[in-house]
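Colleague: When you get a sec, could you give me coordinates for this:
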Amino acid sequence: LSYKPAEGQSPNLDDEAFDRLKEEIREQYSGAENSGRPLLLDGGLEWIQMSLSSRDLDYLNSRGVSQKDVCRAYKVPAVLLGLDNDSTYNNIREARLGLWDDAITPTLNKVLNHWNKHILPLFGEEAKGLELVADYKGVSDLETRNERVWSRLDSADFLTVNEKRNLLGYDPLEGSDTLMISSGDMPMDLLQRGIQASNINEIVSAGVAASEAGLEKPTDKPKDKKPKPTKSETKASDEALYNVIDSLTVQFEKRLDQKLIPFMSGYGDTVEKAIKDNKEMGAQFALMQLSEKMAKEIAPNMQEIIETFGEMTLRDISKKSNGRFLYKEDSVLVADVVTAEEAQNILLSSAWTERVAQYVERESIVRSKFVEDTNRKEVSRILYEGVKAGKSYDEIAKEANVFVSNRDRTMRIVRTEVHTAREFGSHEAAKMTGLDINKRWLSSFDERTRDTHITANGQVVKLSAKFNVGGSRLDHPGDPSGAPKEIINCRCTSLHEPVL
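Modeller: Predicted coordinates:
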């Protein structure tokens, strides 16, 4: 309380007034029963607040929480805005990487995908075969990661020079498509034939290297090749259509490959460091975070693949059904001629959007969790056997890194994800038409096609029915509900024929 006397009043309270004020405050404003009672002041007395209540202090804290919630919603690390106490150099550096990975890059990719799909075609033939991509070479925040990728690519003797240049965004060089063995930097094809191999050890080494590259060993006998589907079992138009679908699929595989290889490489480094720092506990903790981060990496690509092949299927069915079909939107049956623009409208309908969103959210997490579980089991085995064999944790960590970042495993993931998303998009788009449709299994046209898929070639069922492929009941090629042996690395497709 502050006493400010009016003009002409004594500057001090007399003893009687002072005692009366104390007694009044004690009786009327002290204790729990008087909490919240208003204080009525007169005679020049004023209340001056000297501190904040616990509620006010909590409000200030809640403001900080709200600011962090906003950062989280926009995927901006709070530490970059000074809202986190853990502002160490390493944390800030990782936060800046996270800003690019979680916020800037996905947003930029969405913009570029839109431009490539809707704006680039406006330039006609001049833009044919071109694609707008982001150039991150000048981004200082990403230099550390880029240097790591450069270093790993430089030591990757299982890649040709042109494959390395392609991953880094450079044009190919003439004569640089041959694998080079690091010991002497000799061409793989020369070593495979035993040329310039002066002793048996060099020949054996050449055979091992060739086997790892997926080639025949020098001592191998020619293998019997499985017959591909014959022309009597397929039509020339089917093969032509398959080649178009396969060509587009390969482009999507390359794009996802370029994203996942650096991601898995960086994650291998993370696991290696975790093992060195905290042994098995560190490795398991690092791997626990893999599925969520990997799901974020592949989800945008899955979305684009589904939409692209969904639109292709709609236009194909439209052509086969004389340009008319029914689809259900907001409980109203609509019949219309389907142009590219109208196909997009169907793909943007609430029913389609909901189906795609549910699939992408579910499958990106399920597939990423599968990769995480596989890595955890294998890394645990590597740790157990390494410790048992008396290896140092540095050696064990490097071995775990090699497994996690293995390029062949990454490519299997890429091929499976692209193929499954492609076939899901085609199947769901066909369902959106509302037509009576038969679907026909179309196998790939080379010797790598597995026996069960050759047998399935030409199989025709209703759209709502399931294919029988090697005992697995599949809605479409790559259906995740089927056995892994019928899904992984599958390259088959299905064609949709409206019943007129």
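
Colleague: rest of the way, CA atoms for contacts and neighbours
Modeller: Noted.

Colleague: Can you identify each of the helices in the stretch 401-500 of the chain by residue range?
Modeller: Along the stretch 401-500 of the chain, counting by DSSP state H, counting those that start in this stretch, helices occupy 407-433, 451-456, 484-487.

Colleague: what about Asp436, how many neighbours?
Modeller: Neighbour count of Asp436, defined by other C-alpha atoms under 10 Å: 16.

Colleague: try Gln303
Modeller: Neighbours around Gln303, by other C-alpha under 10 Å: 19.

Colleague: Then Ala389?
Modeller: Ala389, neighbours per other C-alpha under 10 Å, totals 9.

Colleague: which one of the helices of the stretch 401-500 of the chain is the most hemmed in?
Modeller: For the helices of the stretch 401-500 of the chain, average neighbour numbers computed from mean count of other C-alpha atoms under 10 Å are highest in helix 407-433, which has a mean of 22.

Colleague: Over it, what's the mean pLDDT, rounded is fine.
Modeller: Regarding helix 407-433, the rounded mean pLDDT is 85.

Colleague: And that helix, what does it pack against?
Modeller: Counting contacts by 3 or more C-alpha pairs under 8 Å, 6 or more residues apart in numbering; DSSP states H and E, helix 407-433 packs against helix 236-288, helix 290-320, strand 325-329, helix 350-388, strand 493-498.

Colleague: quick one: buried residues of the fourth one?
Modeller: What that stands for is helix 350-388. 352, 356, 359-360, 363-369, 371-373, 375-376, 379, 382-383, 386 (16 or more other C-alpha atoms under 10 Å).

Colleague: hang on, Arg419 packs against Ile488?
Modeller: One correction, residue 419 is His, not Arg. No. Look at His419 against Ile488 with C-alpha atoms under 8 Å: they stay out of range, at 9.2 Å.

Colleague: intersection of neighbour lists for those two?
Modeller: Gly478 (C-alpha atoms under 8 Å, 6 or more residues apart in numbering).

Colleague: Run a quick neighbour tally on Arg450.
Modeller: 17.

Colleague: which ones are touching it?
Modeller: Arg450 neighbours (C-alpha under 8 Å, 6+ apart): none.

Colleague: Could you tell me how far it is located from Leu45?
Modeller: Noted for Arg450: a distance of 94 Å to Leu45, by C-alpha to C-alpha, to the nearest Å.

Colleague: before we move on, back to that, distance to Val414 and mean pLDDT added to the helices and strands packed on helix 407-433, as a markdown table?
Modeller: Below are those laid out as a markdown table (distance: least, C-alpha to C-alpha, whole Å; pLDDT from 0 to 100):
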| stretch | distance to Val414 | mean pLDDT |
| --- | --- | --- |
| helix 236-288 | 6 | 78 |
| helix 290-320 | 9 | 81 |
| strand 325-329 | 32 | 48 |
| helix 350-388 | 11 | 81 |
| strand 493-498 | 17 | 90 |
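
Colleague: Indicate which one of these is closest to Val404.
Modeller: Val404 lies closest, by C-alpha to C-alpha, to one member of the helices and strands packed on helix 407-433: helix 236-288, at 5.2 Å.

Colleague: Quick one: list the elements packing against that closest one.
Modeller: helix 143-154, helix 290-320, helix 350-388, helix 393-404, helix 407-433.

Colleague: Adding distance to Tyr242, write those helices out as a markdown table.
Modeller: Below are the helices and strands packed on helix 236-288 laid out as a markdown table (distance: least, C-alpha to C-alpha, whole Å):
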| stretch | distance to Tyr242 |
| --- | --- |
| helix 143-154 | 33 |
| helix 290-320 | 13 |
| helix 350-388 | 24 |
| helix 393-404 | 33 |
| helix 407-433 | 13 |
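
Colleague: List just the one of those that sits closest to Val133.
Modeller: Here helix 290-320 is closest among the helices and strands packed on helix 236-288 (C-alpha to C-alpha), at 14.2 Å.

Colleague: Next, the angle helix 236-288 makes with that closest one.
Modeller: Counting by axes from the mean of the first three to the mean of the last three C-alpha atoms, to 10 degrees, helix 290-320 lies at 160 degrees to helix 236-288.

Colleague: List the buried residues for helix 290-320?
Modeller: 290-291, 293-318.

Colleague: Against Ile119, how distant is Ser30?
Modeller: For Ser30 relative to Ile119 (C-alpha to C-alpha), the value is 73 Å.

Colleague: ok, back up a step: of all the helices of the stretch 401-500 of the chain, which lies closest to Tyr74?
Modeller: Comparing the helices of the stretch 401-500 of the chain by C-alpha to C-alpha, helix 407-433 comes nearest, at 27.1 Å.

Colleague: Which pLDDT value belongs to Ser2?
Modeller: The model's pLDDT for Ser2 equals 64.

Colleague: let's number from 2 now, not from 1
Modeller: Okay, using 2 as the starting number, the last item reads as Ser3.

Colleague: got a list of what the nearest residue to Met265 once chain neighbours are set aside touches?
Modeller: Nearest non-adjacent residue to Met265, counting by C-alpha to C-alpha, 6 or more residues apart in numbering: Ser406, 4.9 Å away. Ser406 makes contact with 262, 265-269, according to C-alpha under 8 Å, 6+ apart.

Colleague: Likewise for Tyr75?
Modeller: Tyr75 neighbours (C-alpha under 8 Å, 6+ apart): Ala104.

Colleague: of all the helices and strands packed on helix 237-289, which lies closest to Ala275?
Modeller: Among the helices and strands packed on helix 237-289, helix 394-405 sits nearest to Ala275 (C-alpha to C-alpha), with 8.2 Å.

Colleague: Next, count neighbours for Lys165.
Modeller: 17.

Colleague: For Ala135, see how far away it is.
Modeller: From Lys165 to Ala135 the distance is 18 Å (C-alpha to C-alpha).

Colleague: Ala300 too?
Modeller: Taken as C-alpha to C-alpha, the span from Ala300 to Ala135 is 19 Å.

Colleague: domain ranges for the chain?
Modeller: Annotated domains of the chain cover 3-47, 140-175, 179-224, 237-431 [automatic domain parsing].

Colleague: returning to what we had before: okay if I get the contacts of Ser406 as a markdown table plus neighbour count?
Modeller: Rendered in a markdown table, the data for the contacts of Ser406 read as follows (neighbours: other C-alpha atoms under 10 Å):
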| residue | neighbour count |
| --- | --- |
| Ile262 | 21 |
| Met265 | 21 |
| Ser266 | 23 |
| Gly267 | 19 |
| Tyr268 | 21 |
| Gly269 | 24 |
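
Colleague: With distance to Ala430 as added columns, please give those residues in JSON lines.
Modeller: Converted to JSON lines, those look like this (distance: C-alpha to C-alpha, whole Å):
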{"residue": "Ile262", "distance to Ala430": "31"}
{"residue": "Met265", "distance to Ala430": "32"}
{"residue": "Ser266", "distance to Ala430": "36"}
{"residue": "Gly267", "distance to Ala430": "36"}
{"residue": "Tyr268", "distance to Ala430": "36"}
{"residue": "Gly269", "distance to Ala430": "38"}
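
Colleague: ok, those vs Leu160, which is closest?
Modeller: Ile262 (12.7 Å).

Colleague: For that closest one, give me its contacts.
Modeller: Per C-alpha under 8 Å, 6+ apart, neighbours of Ile262: 406, 408, 411.

Colleague: Could you report the separation of it from Val251?
Modeller: For Ile262, the distance to Val251 - C-alpha to C-alpha - is 16 Å.

Colleague: And Val162, by the same measure?
Modeller: Val162 is 20 Å from Val251, by C-alpha to C-alpha.

Colleague: Just want to know which of those two has more residues nearby.
Modeller: The residue with more neighbours, out of Val162 and Val251, is Val162; 20 against 14, by other C-alpha under 10 Å.

Colleague: so what's Ala154 scoring on pLDDT?
Modeller: For residue 154 the amino acid is Leu, not Ala. For Leu154, the predicted pLDDT is 69.
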